[in-house]
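[1] 3D, please:
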Amino acid sequence: MITSIKREFNLFPNIVGIVTTDDLAVITTAGYFGSQLADVELLNNGVWQWEIEDLVLIYYATGQIGFFTYDAATDAFVALAANGGLSNTLSSGFVFVGNASNVATGVAMSGDATISNTGALTIGAGAVTGSKIAANAVDYANLALDVGASATVTLTAAQIKALYDTPVQLIAAPGAGKLIVIDSILWDIAYGTTQYTAGGVLAAQYGNTVHGAGPVASGTLAAASLNGVAASSFLSNGGVAGTLNVLKSASLNTAVYLSNQTADFATGDSTATLYVRYRVVTPA
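    Sure, this is the predicted structure:
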């Protein structure tokens, strides 16, 4: 409560001295001075009148002192900044910004983002547009799963020759109720010294089933195509758009592997880097 209030009339601006038992949070709360009017009128021996030029020096809890102004709109005190500093008070959710006159002024953050009085920053809906994103900055991992993703898998010559009995995982299981849909598989083959022979049709499949016997998850690549590579080359498996034919029980939340039919490839020492383009969808 206010225990003392007095105006010094022989100064300009006038200085009003106040002593209160309340702390900074209370004296800067809207309606504070009005809540003290009864005590103020007793101390002043009459109605208190604020002057526009009043500068208020307040001694407040606990053992603090500072200069304030009286804000008639909020009926509370507003702390003044010390020389070279900022005010101890600021409206809830506001930030200090230098205005056109180079004066630090409390304003509400607006535009593409807002800030709460707990410091939480919220980006506005639709605020992040294409022009605000750096080119080539968004990877597939940051997109919705059904937009598109890619996986890069490197195969040694030993792995290629063993695909018939030892399939190689291309994409991990996507999660309950989700299905991997292959769009394409690009083979970047680094030729060694010897061509591959034998083998059988190559394809991605759902699950780790030997001999290429799992449900087909991609287009096929003929063994003759791989065996015919005699210099560094590109090959590809197409996707399965329009041709997918697989049970839900055999494909949902199931990893995709690469295998081949008929037999293991023989000889051959080329390596391959596979670039797998795919989507993860959640069927109804």
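
[2] Where does residue 230 fall, secondary structure wise?
    Element membership for residue 230, per DSSP states H and E: none, as it lies in no helix or strand.

[3] Spatially nearest residue to it (excluding sequence neighbours)?
    Nearest residue to residue 230 in three dimensions, chain neighbours excluded: residue 195, at 5.7 Å (C-beta to C-beta, 6 or more residues apart in numbering). Glycine gets a C-beta too; all of them are placed from N, C-alpha and C.

[4] Counting neighbours, what do you get for that neighbour?
    17 (other C-beta atoms under 10 Å).

[5] and if you look at residue 204?
    Around residue 204 there are 29 other residues, counting by other C-beta under 10 Å.

[6] and it, how far is that from residue 185?
    For residue 204, the distance to residue 185 (C-beta to C-beta, to the nearest Å) stands at 6 Å.

[7] got it, and residue 46?
    Relative to residue 185, residue 46 is positioned 91 Å away (criterion: C-beta to C-beta).

[8] Then residue 72?
    Between residue 72 and residue 185 the distance is 74 Å, computed by C-beta to C-beta.

[9] Look at those two and report which has more neighbours.
    Neighbours per residue, other C-beta under 10 Å: of residue 72 and residue 185, the larger number sits with residue 185, 27 against 10.

[10] Helices along this structure, start to end?
    For the chain, applying DSSP state H gives helices covering 24-27, 32-35, 37-44, 157-161, 223-227, 248-251.

[11] So for residue 87, which of those helices sits nearest?
    Ranking the helices of the chain by proximity to residue 87 (C-beta to C-beta) places helix 24-27 first, at 10.9 Å.

[12] And the closest one, what's buried?
    With burial defined by 16 or more other C-beta atoms under 10 Å, the residues of helix 24-27 counted as buried are 24, 26, 27.

[13] quick check, distance from stretch 225-238 to the centre of its chain.
    A distance of 41 Å separates the centroid of the chain from that of stretch 225-238, by C-alpha atoms, centre = their mean, to the nearest Å.

[14] er, stretch 77-91 I mean
    Chain-centre distance of stretch 77-91: 35 Å, with C-alpha atoms, centre = their mean.

[15] quick revisit: return every residue with contacts to both of residue 204 and residue 185.
    170, 218, 237, 258, 276 (C-beta atoms under 8 Å, 6 or more residues apart in numbering).

[16] hmm, which two among these are most spread apart?
    Of all pairs drawn from the shared contacts of residue 204 and residue 185, the greatest distance, 10.4 Å, lies between 170 and 237 (C-beta to C-beta).

[17] any shared contact partners between these two?
    Both residue 170 and residue 237 are in contact with 185, 204, where contact means C-beta under 8 Å, 6+ apart.

[18] So which of the buried residues of helix 24-27 is the closest to residue 63?
    Among those, residue 24 lies closest to residue 63 (C-beta to C-beta), at 11.8 Å.

[19] Let's check: the centremost residue of this structure is which one?
    Among the residues of the chain, the one closest to the centroid is residue 142, at 9.1 Å (C-alpha atoms, centre = their mean).

[20] So residue 59 versus residue 111, what's the distance?
    Here the criterion is C-beta to C-beta. By it, residue 59 lies 41 Å from residue 111.
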